[in-house]
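**Q** what's the 3D shape of this:
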Amino acid sequence: MDNIPLICVLHGLLLHLRPHLLHPLRVLWSERIHLFWPIWITTTSIASLLVILVLPKKNSIRPNSIPSTRHDWSHGAILAVTVLALLLACYIVGSLVWEDFTYYDNSHFTNGTLIGRNITVQILPGYGRCFPFGHQEFNLIRHFTTSVVGYHALRIVQLVLLCGILLIFDEELSVQARVALILLALITPSIVISFSGLIYPDWNVLFCWICLLWSVKRFEQTQFRAWAVAAVISSQIMLYYKETAFLLLLGFACGRLLLRSWKGEQAGWNFSRLGDPESRLDIGLALLGVGFLLYYLVAMFPSYTMNYAKEFHLTLPVVLADYLKLDLLVWIFTAAVLARILQILRHKAAPSLLWDGMALAGIACFVGYLILRMESGYFLAPVDLIAILYLGHLARLSLRNMGLGIRLGALALLTIVVLQDFSLSAFRMYERKNVIHAKAEMGRLIKAYYESDRQDPKRLFFPFASPFHVMEFASYISYLGVPVEETPTSSVSGSSVLLVGKALPTDGRCGYRAFLCHPGSGPDAGDLVVLFPDDVARRDEWDSYLPESNSVLFSYNPYPSIPRWLLPYVSRLSVISPEFAHDQLPNRWLHAAVIGWK
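**A** Coordinates of the predicted model:
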């Protein structure tokens, strides 16, 4: 009975404080998207602190814990690294040739950071997207530079660091073998695409992923908690750059926990290993993946539409066939991982926690895209890097036990993969560079044409371009200083350039930007007819806009030109094209023109 007054007091106190406690929670819920940065910083700080608390302190490195690689640095190894440095320099210079802000989705910059506007946090509930870190680095870069080289500088630095980590990652391989694996990675289409384009968050996922692997490996070798914190931070950054990154992290962490608990020599499990420092780190990483998934569900509430996935949804046979044409490497990797898992389950091989954990992460990510029925040339960049490292490591372990027939078969598969990767990467870069260069030249010509006579409104007529392509080009020429007609809520000049086209259905916005588009059946006298290098049109349709009475102000032919005998083979590589992956290449592919209509 003496406790009754105390209970009454506590009950009254809770009733009094309830409004004050619920108000912050309501604010946090209603602002769960706008408060992303405080939420991310808080959760990352808490996760880092918890890792420090649950892991034992280690003040010294265990003897012989880090393998020595001093003996590897022979004259051949130094020569291999020198060749890598030279090729890497050529690779970087080549990536910058003909670069401009005219490629797909570059309106994030020409309509955003390049004119002083920050890119908003990329959480789009109506679209089913939650990659808050997407393009956020450019909000910082814009304060230092507006040049295309400056915008690519961060990725160039990341590429050099990535190659440096890969050069010392697998101590069991010779330096020459590591250089060979790096070169194979540099020609892999998914990695080439992710590195060369500014708008692909997959490159940052790839960089954070290798930083995570390196941090975990160093923690296993040294037991220093600083490396565990580095792994946590790398994971937290990676997770919020692309939604499917949580599959990588969960596959890696959960796979390592299962492999560590598996009794390699006898049947059964040994769950006492879950108390090891490495297991505690893996549990923490897995919880970070679960935390992202929970935040995704909260941010998307109450609309779980997945419109982005639906937009790119394909049938399973088409996805399987496309990935076979795009990425033979990932299928070889999948077969090798399944064979390896079978050996482990049959107690014929001891699991390697780092390497097999990486492999399981790659399989989880690949299966995720198959379940979503989504396919693109750059989606599997982290999986491809895992495949290259894992298969290279596995080949080294199995080399002594390989017969001559198996070695020849492996060499044949490697040759096919190299040829496929090099061909697809060359096609993609050839198409990309010509599209960028042609549209940049067209934009500069239209700017000069407008500046020569600003009195009357100008019309640009697009016979074949889609609203998206018109919107992106409008954003680019607006960035150059051409006043393109915009919505009434925007500032509109009386001499604005009007956008008219056959594929523009109604008067209104061209996509999600403020530029206005108008439908039109044909050009009027005085119009500039714009034929893009990526227009979908037959030769006769394209040529119908080139009558002798009109003046061709600009004409573009792809460079270097492709010999006629090579065109049938080149057309088979279009599966890597962002526009013609499932369509035949048009007759006037990569040709462009600007015509003054009379």
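**Q** On the three-state scheme, residue 499 is what?
**A** Three-state call for residue 499 (DSSP: H, G, I helix; E, B strand; the rest coil): strand.
**Q** who's the closest residue to it other than its chain neighbours bridged to?
**A** Leaving aside its chain neighbours, residue 499 sits nearest to residue 517 (4.9 Å; criterion: C-beta to C-beta, 6 or more residues apart in numbering). Every residue, glycine included, has its C-beta placed from N, CA and C. Legend: beta-bridge partners of residue 517 under DSSP bridges are residue 508.
**Q** Other residues contacting stretch 529-546?
**A** 434-435, 438-439, 442, 446, 460-465, 469, 473, 523, 550, 552, 556, 558, 579-580, 583, 586-597 (C-beta atoms under 8 Å, 6 or more residues apart in numbering).
**Q** Quick check: buried residues in it?
**A** Residues of stretch 529-546 classed as buried by neighbour count (16 or more other C-beta atoms under 10 Å): 529, 530, 531, 532, 533, 534, 535, 536, 537, 541, 542, 545.
**Q** name the element the fifth one belongs to?
**A** Taking DSSP states H and E as the definition, one finds residue 533 inside no helix or strand.
**Q** State the distance from it to residue 462.
**A** 13 Å (C-beta to C-beta, to the nearest Å).
**Q** And the spatially most central residue of the chain, how far from residue 560?
**A** Geometric centre of the chain, nearest residue: residue 202, 1.8 Å, by C-alpha atoms, centre = their mean. Going from residue 202 to residue 560 by C-beta to C-beta gives 29 Å.
**Q** Likewise for residue 182?
**A** 27 Å.
**Q** about what we covered before: separation between the residue nearest to the centre of the chain and residue 228?
**A** Distance from residue 202 to residue 228, by C-beta to C-beta: 26 Å.
**Q** Over to stretch 119-128 now: how far is its first residue from its last?
**A** End-to-end distance for stretch 119-128, by C-alpha to C-alpha, to the nearest Å: 18 Å.
**Q** For the residue nearest to the centre of the chain, which residues are in contact?
**A** Shown here is residue 202, whose contacts under the criterion C-beta under 8 Å, 6+ apart are 190, 194, 242, 378, 379, 381, 382.
**Q** same check, this time on residue 235
**A** 208, 212, 249, 285, 288, 289.
**Q** Please look at the second one and residue 229 and confirm they touch.
**A** No: if you go by C-beta atoms under 8 Å, residue 212 and residue 229 don't touch, sitting 11.8 Å apart.
**Q** burial measure for residue 167, as a count.
**A** By other C-beta atoms under 10 Å, 16 other residues sit near residue 167.
**Q** just use 847 as the starting number from now, easier for me
**A** Yep, numbering from 847; the last one is residue 1013 now.
**Q** Residue 949 belongs to a strand, doesn't it?
**A** No: applying three-state DSSP, one finds residue 949 to be coil, outside a strand.
**Q** measure the residue nearest to residue 1345 to residue 1130 for me?
**A** In terms of C-beta to C-beta, residue 1363 sits 50 Å off from residue 1130.
**Q** Please enumerate the strands of the chain.
**A** 969-970, 975-976, 1304-1308, 1343-1347, 1354-1355, 1362-1365, 1374-1377, 1397-1402, 1438-1442 (DSSP state E).
**Q** Among those strands, show the one with the smallest mean pLDDT.
**A** Lowest mean pLDDT within the strands of the chain: strand 1354-1355, a mean of 86.
**Q** same for that strand, what does it pack against?
**A** Packed against strand 1354-1355 by the contact rule (3 or more C-beta pairs under 8 Å, 6 or more residues apart in numbering; DSSP states H and E) you find strand 1362-1365.
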